[in-house]
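Novice: sequence below, structure please.
(one chain, ligands or ions: 1)
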Amino acid sequence: MRDSSFSKAFLWGAAAASAQIEGGWKDGGRTPSIWDMATKKQVKHGETCHTACDHFHRWKEDVALMKEMGLKSYRFSISWSRVIPEEGKVNPEGLKFYSDLVDELIANGIEPLVTIFHWDLPMWVYKKGGWLSESIVPLFREYTKVVVEALSDRVKWWMTINEPGCFIMNGYMQGAHAPFKHDYLALSKLTRNCMLAHAASVKAIRQYAKQPVKVGIAFSTGAWIPENETPAEIEKARRLSMEEGSGLIGNRWWMDPMLAGKPVRAYGIYASHEKDMAEIAQPLDFIGLNIYTSYNYADWGSNQRPAPGTPRNALGWVIDERCMYWNVRFVYERYKLPIMITENGLAAHDMVSLDGKVHDPKRADFIKRYLGQLKRAANEGIPLLGYQHWSVMDNFEWAEGYDPRFGLVYVDFTTGKRIIKDSAWDYKHIIETNGAEL
Ligand code: NOJ
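Specialist: The predicted structure follows:
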């Protein structure tokens, strides 16, 4: 095998989240999350996540598929209401589900990476005020403790929260995600509670971990791409990406306080106050980045419009792989922490062909394009820990339901049947060669 700039320990893998794949919403002592309560009008085609991929019952088969695809790691999240179905009550059956999953992954040579919160807030926490109430901080700490005590003898990699900006903006301001609120005035409070909960979780992971662990968080992120690679253009793109114009779900709002202990003021309000900084900026071991598209074309303060016919995914997001390199570079330059790509992938309208297979050449091409750019960052010496493709299998894309398919594995949502897509075999080859041919 030729040499690769990706380290030998590079964690090639794929990701998913509890609400998006598990189903079994009333099984094994679980109580509903805010996503189970979404109405027919709130999710496209009136679909629900009650069954999703039925991973709760088919997890062994799913781990076998991961092994077949050559994955070396798997990023998944824990359903809080499966583990703590009501206040003060731990559900051993819920913990056993995750513990068995971890055992199965390890037995198949797949490193488990755990996200503690990926948006499926338990209804009982929501009723106590959810993210709007500071009472979530001790609740999240306790939940973290329970999970860490159960799994950290085997799980080394931990992420506290998935995409804080995204679930707060979509769920509480724009009303597009559960709990479907339009409460712009609560932004400051939501941000503060979320950051304090993250900090409490980081401390709990370190306190209760049964072995040395790596702790991080996964951000929804992006970057402006310089028009050309002159120092002036690069500086302009860096400034736009990291200091201005990156908006609520952008970089600075979340990263400056949590990664650098810097309070941020925007929209005439403080996202975070000086007095909270020492608590919020808990030292982390890595930064997780979910990277899909470039900021140039997103509606976040940019006047640029993509040329007609610019390639887009099935959700309308522009495909421009250069964001992978620039995003990683700008974030690394500012915060100097190792980076894990915790998500990246292509939504498409994949279908089963007459030959019974799922041919997805666009996804295979997408993976190579984006990984090529990640390799550029690796070549330049930026410490990269892994790449988790979104997603391991087609799943519930929140308010978009099941139409946009992101998986390496196709899922028939009526029968539950799985089919490994063509792109997964290409990805397998990349994994086997450690990216040497990218
Ligand atoms: C971000 C989220 O973390 C994940 O849940 C979602 O499905 C993907 N990106 C695609 O939108």
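Novice: make it CA atoms for all contacts and neighbour counts henceforth
Specialist: Noted.
Novice: what is the neighbour count of Tyr74?
Specialist: Neighbour count for Tyr74, taken as other CA atoms under 10 Å: 27.
Novice: hang on, I meant Ala17
Specialist: 25.
Novice: any idea how far it is from Trp35?
Specialist: The spacing between Ala17 and Trp35, counted by CA to CA, to the nearest Å, is 12 Å.
Novice: following the lowest-mean-pLDDT helix or strand in the chain, which helix or strand comes up?
Specialist: Lowest on mean pLDDT, DSSP states H and E among the helices and strands of the chain sits strand 269-270, with a mean of 68. Using DSSP states H and E, the helix or strand that follows strand 269-270 in sequence is helix 277-280.
Novice: that following helix packs against which elements?
Specialist: Contact here means 3 or more CA pairs under 8 Å, 6 or more residues apart in numbering; DSSP states H and E; on that basis helix 277-280 packs against helix 187-208, helix 251-260.
Novice: now with 6 Å?
Specialist: Applying 3 or more CA pairs under 6 Å, 6 or more residues apart in numbering; DSSP states H and E, one finds that helix 277-280 makes contact with helix 187-208.
Novice: got the contact list for the following helix or strand past the helix it packs on?
Specialist: Going down the chain from helix 187-208, the next helix or strand is strand 214-221, by DSSP H and E. With contacts defined as CA atoms under 6 Å, 6 or more residues apart in numbering, strand 214-221 is touched by 156-163, 250, 284-291.
Novice: tell me which of those residues fall in helices.
Specialist: When DSSP state H is applied, the contacts of strand 214-221 are split such that none fall in helices.
Novice: of those, which belong to strands?
Specialist: Assignment to strands by DSSP state E places the following of those there: 157-162, 287-291.
Novice: turn these into JSON lines, including pLDDT.
Specialist: Listed next are the ones in strands among the contacts of strand 214-221 as JSON lines, based on pLDDT from 0 to 100:
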{"residue": "Trp157", "pLDDT": "99"}
{"residue": "Trp158", "pLDDT": "99"}
{"residue": "Met159", "pLDDT": "99"}
{"residue": "Thr160", "pLDDT": "99"}
{"residue": "Ile161", "pLDDT": "98"}
{"residue": "Asn162", "pLDDT": "98"}
{"residue": "Ile287", "pLDDT": "98"}
{"residue": "Gly288", "pLDDT": "98"}
{"residue": "Leu289", "pLDDT": "98"}
{"residue": "Asn290", "pLDDT": "97"}
{"residue": "Ile291", "pLDDT": "97"}
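Novice: which one among these gets closest to Asn193?
Specialist: Of all the ones in strands among the contacts of strand 214-221, Asn193 sits closest to Ile161, with 12.3 Å by CA to CA.
Novice: residues contacting the closest one?
Specialist: Ile161 neighbours (CA under 6 Å, 6+ apart): 117, 217.
Novice: Lys40 looks like it's in a helix, true?
Specialist: No. Using DSSP: H, G, I helix; E, B strand; the rest coil, the secondary structure at Lys40 is coil, not a helix.
Novice: go ahead and confirm it touches Ala399.
Specialist: No. The criterion here is CA atoms under 6 Å, and Lys40 misses it with Ala399 at 10.0 Å.
Novice: quick one: which of these two has more around it?
Specialist: Counted by other CA under 10 Å, Lys40 and Ala399 do not tie: Ala399 has more neighbours, with 21 against 12.
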